[in-house]
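Chemist: this one's sequence-less:
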Ligand code: ATP
């Protein structure tokens, strides 16, 4: 007999913020969950490594962030203790083995639901647990079956406004939150540019970040951005990237002082240039980029090192955008 309903809320929590906490508390209330396990990932499966706190520091922030709610939220280190990339499917298998008489509800935001059919074993997941999808600013909940992620459409039996019944015997429930418009990415940016984050973070998490100097600028380690730029240029040329060009944009109204554009011969080649460059810069300078965008498709991958932004294109996309036109007033570095 099933008596307990357990929620599972995973993520990178880099750092944990009010959007996460709002989601957990609202879902627990509406769905009558006995407890929610918040599960920090060792490394989010779809992300390349970026600059930031260690897994232990992310864990500590999660603990501080949920400390006020011991009766409903429990921190679980299950993914941090497992080697390799964290996959939700593995976590669920471990839970099922441990909690056989309990019903498990996986909780995600609408942004994650939009790409849920890219998750490893997503159909398997949906044959083992129920899914709860919450609203999140910038992402839409589906209004009809055709708006579900493509890979899910054939297992949706009935969809009725806020509930879908699946052919696997499980369900998907959609929940509208009083939205908190924030992401961990926004918070990291705000911290690096010295803007206030108070309204988005639990007080103790903010204090921990300040006390430990987390999310400080890459510039503390890099010092000479022109040198880093030329290092990247040489690396990309050695890896046979096409048309490697670098610009010094100092004094111009641009988001960074240095920028590089280079092309790969295919989406896969472009993504692999990005991956290799990230690794090499980490070895040489000890830093990962603040953010990496577009590596999944490999059409236009952007590595943000703060004062240096590297654009890697699949060559035909680069021709379409002619991004170098933006940098005409800068100095071309050879
Ligand atoms: P990042 O900006 O680094 O990608 P994030 O803010 O999206 O991070 P994650 O740790 O990746 O945070 O997210 C964990 C889970 O929390 C995901 O299911 C995500 O959809 C959900 N989530 C994150 N922010 C919000 C929010 N503001 N409202 C509702 N759900 C959210």
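Modeler: Received the coordinates, thanks. Computed from a prediction, not measured in an experiment: that's the story for all the values here. Numbers count the residues shown, from 1 in each chain.
Chemist: what ranges do the helices span in the stretch 101-250 of the chain?
Modeler: 110-114, 122-128, 184-192, 203-211, 219-222, 225-238 (DSSP state H, counting those that start in this stretch).
Chemist: now the ones you listed as a markdown table including distance to the ligand and mean neighbour count?
Modeler: C-beta coordinates here come from the backbone N, C-alpha and C atoms, glycine included. Output for the helices of the stretch 101-250 of the chain, formatted as a markdown table (distance: least, C-beta to the nearest ligand atom, whole Å; neighbours: other C-beta atoms under 10 Å):
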| stretch | distance to the ligand | mean neighbour count |
| --- | --- | --- |
| helix 110-114 | 4 | 19 |
| helix 122-128 | 13 | 18 |
| helix 184-192 | 3 | 18 |
| helix 203-211 | 13 | 16 |
| helix 219-222 | 21 | 14 |
| helix 225-238 | 24 | 18 |
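Chemist: closest to residue 96 out of those?
Modeler: helix 122-128 (6.1 Å; C-beta to C-beta).
Chemist: Give me the contacts around that closest one.
Modeler: 88-89, 92-93, 96, 104, 106, 116, 119, 131, 151-152, 155, 166, 168-170, 172 (C-beta atoms under 8 Å, 6 or more residues apart in numbering).
Chemist: go on, stretch 139-156?
Modeler: 109-111, 113-117, 122-123, 126, 133, 135, 159, 164-168, 172, 174, 176.
Chemist: one more time with 10 Å
Modeler: 109-119, 122-123, 126-127, 131, 133-135, 157-159, 161-162, 164-168, 170, 172, 174-176 (C-beta atoms under 10 Å, 6 or more residues apart in numbering).
Chemist: ok, that stretch near the ligand or not?
Modeler: No: using C-beta under 6 Å from any ligand atom, stretch 139-156 stays clear of the ligand, with a minimum separation of 7.9 Å.
Chemist: coming back round to it: can you redo the helices of the stretch 101-250 of the chain as JSON lines with mean pLDDT and distance to residue 285?
Modeler: Shown next, in JSON lines, are the helices of the stretch 101-250 of the chain (pLDDT from 0 to 100; distance: least, C-beta to C-beta, whole Å):
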{"stretch": "helix 110-114", "mean pLDDT": "97", "distance to residue 285": "31"}
{"stretch": "helix 122-128", "mean pLDDT": "97", "distance to residue 285": "37"}
{"stretch": "helix 184-192", "mean pLDDT": "89", "distance to residue 285": "17"}
{"stretch": "helix 203-211", "mean pLDDT": "95", "distance to residue 285": "23"}
{"stretch": "helix 219-222", "mean pLDDT": "83", "distance to residue 285": "6"}
{"stretch": "helix 225-238", "mean pLDDT": "97", "distance to residue 285": "6"}
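Chemist: which stretch among those comes nearest residue 12?
Modeler: Shortest distance between residue 12 and those, using C-beta to C-beta, is found for helix 184-192: 7.0 Å.
Chemist: What is the closest one packed up against?
Modeler: Under the contact criterion of 3 or more C-beta pairs under 10 Å, 6 or more residues apart in numbering; DSSP states H and E, helix 184-192 touches helix 18-31, helix 203-211, strand 291-293.
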